[in-house]
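Asker: Build the 3D model from these lines:
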Amino acid sequence: MKSPALVPPPAKLGWLDALRGIAALVVVFDHSSYTFMADFRRELMPQFNTSRYGIMVFFLVSGYIIPASLERRGCVRTFWIGRIFRVYPLWAVVVTVLLAAHLLGVAELRDVGRQSVASVVVAHATMLQELLGTPNVLLVLWTLSYEMSFYLLVVALFTVRLHRQSAAIAVVLAVLSAASVTAGAVLPASALSGLVGTGPLIVCASLAMGFAICCASAGSPVLRRFGGVLGGVLALVLVPFNGTVPLWEGLVILAVMFLGTAVHRAENGRSTWRRTAGAAVVIAICAVGSAYWSGTDDHFARRGWIVAFVLAVLTFGAGLASRGRRVPPVLTGLGTVSYSVYLVHPVLLAVIDGTIGRRRQDSPVLEVAFFAALLPLCLLTHRYVEAPGQAWGRRLADRVRGGRQRPPSVGRKSFPCRRRRP
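Answerer: Reported below is the predicted structural model:
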């Protein structure tokens, strides 16, 4: 079967693709600098944390897009189908290639300690491994755990009809972040796993997640609400109490994603810009204040995080302000393959580190050569893995809907996905 051709995104969403493309390139530089630009990296990171900049832009964009996708479909079942076929195919291919490279002796896997292979596999299958006390086999996968938590929260709010309160939820999360720092609440990494055990937590969380998704996708209104709430509670327990980032930062990440949702609502007239701007100011103050007063890092490391966060918010704001303008095709193209760029580059770096080794001196030429080799590879993975996966997901979602598109359901109840009578 012929793979679907790459179709340029609608002009009104081009600015989002541009932001994703920029964020992906910055994250790639952050990770590749370990190998090719170590000296420069040591000078830059205390002043500007490039990794945090890139992922905060990604989280803002996800917050803008994901809830809108669910509300446009008006169906939790097709939302999960879309997400699964969007995220998992490339994830599975990348992890498989990494395992193959490890078996061939050209790349090393991260040490998972005393955890069994089965528990590591199950934790990664949920994509919540970062929040289940399990080391990521691929470093960048940690952000997908927060994305999955956000999906669960978005579905929870949709099923109980609180999805319109994005700005208020973002503010509450940000205030809780600042309050945790003020109260001196500091938890060890994966605190809940340490309390109940990693294995039991993985079993309980994976069963709860599967049950929550199935119930939220059911036809019964009672089951839908129960499943949605169960998934939301799971996310709200794991993010603050079992992450590897500080408690305050986990809450800030969720607040940032809901801020992206609030911006989308304001842009579409479902909220006011004044309310959204007020929420953005509160979130920025709480995030910067939490980072500065957390006391978990030295002054320069805190400065690097703060600068990255502020620049990420400003970058998103600049993209939003220029959304009516023409976006250069190269940026929208980068955005289209950004997920491939994000997942493929660590595998390529792992192979380079396992064969050639890291450079002792900075080499800008090798850094540029790495990008030149990476981007064509990502075009291929997008064309032959991502795009077919998304096409399969759309076809399955159409079958679930009975082959008919549902009208936008913003502000309506969450209805089961049934075939409509002609």
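
Asker: When you work out contacts or count neighbours from here on, use the C-alpha atoms and nothing else.
Answerer: OK.

Asker: if I look at the residue nearest the centre of the chain, how far off is Val330?
Answerer: In the chain, the centroid-proximal residue (CA atoms, centre = their mean) is Glu147; its distance is 3.6 Å. Note on Glu147: its distance to Val330, by CA to CA, to the nearest Å, is 26 Å.

Asker: Next: Ala100.
Answerer: Ala100 is 32 Å from Val330, by CA to CA.

Asker: How far does the top helix by length along the chain sit from its chain's centre?
Answerer: Among all segments of the chain classified by DSSP state H, the helix with the greatest residue count is helix 76-103. Distance, stretch centre to chain centre, for helix 76-103: 14 Å (CA atoms, centre = their mean, to the nearest Å).

Asker: helices or strands up against it?
Answerer: The contact analysis (3 or more CA pairs under 8 Å, 6 or more residues apart in numbering; DSSP states H and E) places helix 76-103 against helix 50-73, helix 198-216, helix 338-355, helix 387-400.

Asker: Can you give me the buried ones in that helix?
Answerer: By 16 or more other CA atoms under 10 Å, the buried positions in helix 76-103 come out as 76-83, 85-91, 94-95, 98-99, 101-102.

Asker: Tell me the helix or strand right after it.
Answerer: Following helix 76-103 in sequence order, the next helix or strand is helix 117-126 (DSSP states H and E).

Asker: Give me the contact list for that next one.
Answerer: 112, 129, 132, 134, 136, 199, 202, 206, 209 (CA atoms under 8 Å, 6 or more residues apart in numbering).

Asker: okay, the angle between it and helix 76-103?
Answerer: Calculated by axes from the mean of the first three to the mean of the last three CA atoms, to 10 degrees, helix 117-126 forms an angle of 130 degrees with helix 76-103.

Asker: Got the phi and psi for Ala318?
Answerer: phi -70, psi -40 (degrees, to the nearest 10).

Asker: For it, grab the count of nearby residues.
Answerer: 13 (other CA atoms under 10 Å).

Asker: What's the per-residue pLDDT of it here?
Answerer: Ala318 carries a pLDDT value of 95.

Asker: gap between it and Leu311?
Answerer: 10 Å.

Asker: rewinding a little: give me the element the residue nearest to the centre of the chain is part of.
Answerer: If you go by DSSP H and E, Glu147 is part of helix 142-159.

Asker: right, and the helix or strand after that helix?
Answerer: Using DSSP H and E, the first helix or strand after helix 142-159 is helix 166-182.

Asker: and the next element down the chain from that next one?
Answerer: Criterion used, DSSP H and E; the element after helix 166-182 is helix 191-196.

Asker: Next, the buried residues of that next one.
Answerer: Buried, per 16+ other CA under 10 Å, within helix 191-196: 191-193.

Asker: Which of these sits closest to Asp362?
Answerer: Asp362 lies nearest to Ala191 out of the buried residues of helix 191-196, by CA to CA, at 38.3 Å.

Asker: Name the nearest residue to the closest one, ignoring sequence neighbours.
Answerer: Ranked by CA to CA, 6 or more residues apart in numbering and with sequence neighbours excluded, the top spatial neighbour of Ala191 is Asn242, at 5.2 Å.

Asker: quick one, what contacts the one you found?
Answerer: By CA under 8 Å, 6+ apart, Asn242 lies in contact with 131-133, 189-193.

Asker: Burial check on the residue lying closest to Val160 once chain neighbours are set aside, number of neighbours?
Answerer: Leaving aside its sequence neighbours, Val160 sits nearest to Arg225 (CA to CA, 6+ apart; 6.1 Å). Close neighbours of Arg225, defined as other CA under 10 Å, add up to 24.

Asker: Was I right to think Arg225 contacts Ala216?
Answerer: Yes. Judged on CA atoms under 8 Å, Arg225 makes contact with Ala216 at a distance of 6.4 Å.

Asker: Touching both of those two, which residues are there?
Answerer: Residues within reach of Arg225 and of Ala216 at once, by CA under 8 Å, 6+ apart, are Thr159.

Asker: Would you mark the buried spots in the helix or strand where Glu367 lies?
Answerer: For Glu367, the host element (DSSP H and E) is helix 364-381. Neighbour counts over helix 364-381 (16+ other CA under 10 Å) mark 367, 370-371, 374-375, 377-379, 381 as buried.

Asker: what does that helix contact?
Answerer: With CA under 8 Å, 6+ apart as the test, helix 364-381 has contacts from 32-33, 36-37, 90, 337, 340-341, 344-345, 348.

Asker: can you name the two of the residues you listed that are farthest apart?
Answerer: Met37 and Leu90 (28.1 Å).

Asker: Find the residue ranges of the stretch 251-400 of the chain scoring beneath the pLDDT cut-off.
Answerer: 295-300 (pLDDT under 70).

Asker: quick revisit: among the helices and strands packed on helix 76-103, which comes closest to Arg302?
Answerer: Comparison of those against Arg302 by CA to CA identifies helix 50-73 as nearest, at 11.5 Å.

Asker: Any buried residues in that closest one, and which?
Answerer: By neighbour count on 16+ other CA under 10 Å, the buried set for helix 50-73 is 50-73.

Asker: same question, stretch 314-327
Answerer: 315-316, 319-320, 323, 327.

Asker: Looking at the residues you listed, which is nearest Val26?
Answerer: Thr315 (12.6 Å).

Asker: what angle do the helix or strand containing that closest one and helix 50-73 make?
Answerer: Element membership of Thr315 [criterion: DSSP H and E] is helix 299-321. Between helix 299-321 and helix 50-73, the angle comes out at 40 degrees (the same axes, to 10 degrees).

Asker: which other residues reach helix 299-321?
Answerer: When contacts are defined by CA under 8 Å, 6+ apart, helix 299-321 is touched by residues 15-16, 19, 45-50, 52-54, 56-57, 60-61, 284, 288, 291-292.

Asker: Stretch 15-27 now?
Answerer: By CA under 8 Å, 6+ apart, the list of residues contacting stretch 15-27 reads 9, 50-51, 53-55, 57-58, 61, 315-316, 319-320, 322-323, 327, 331-339, 341-342.
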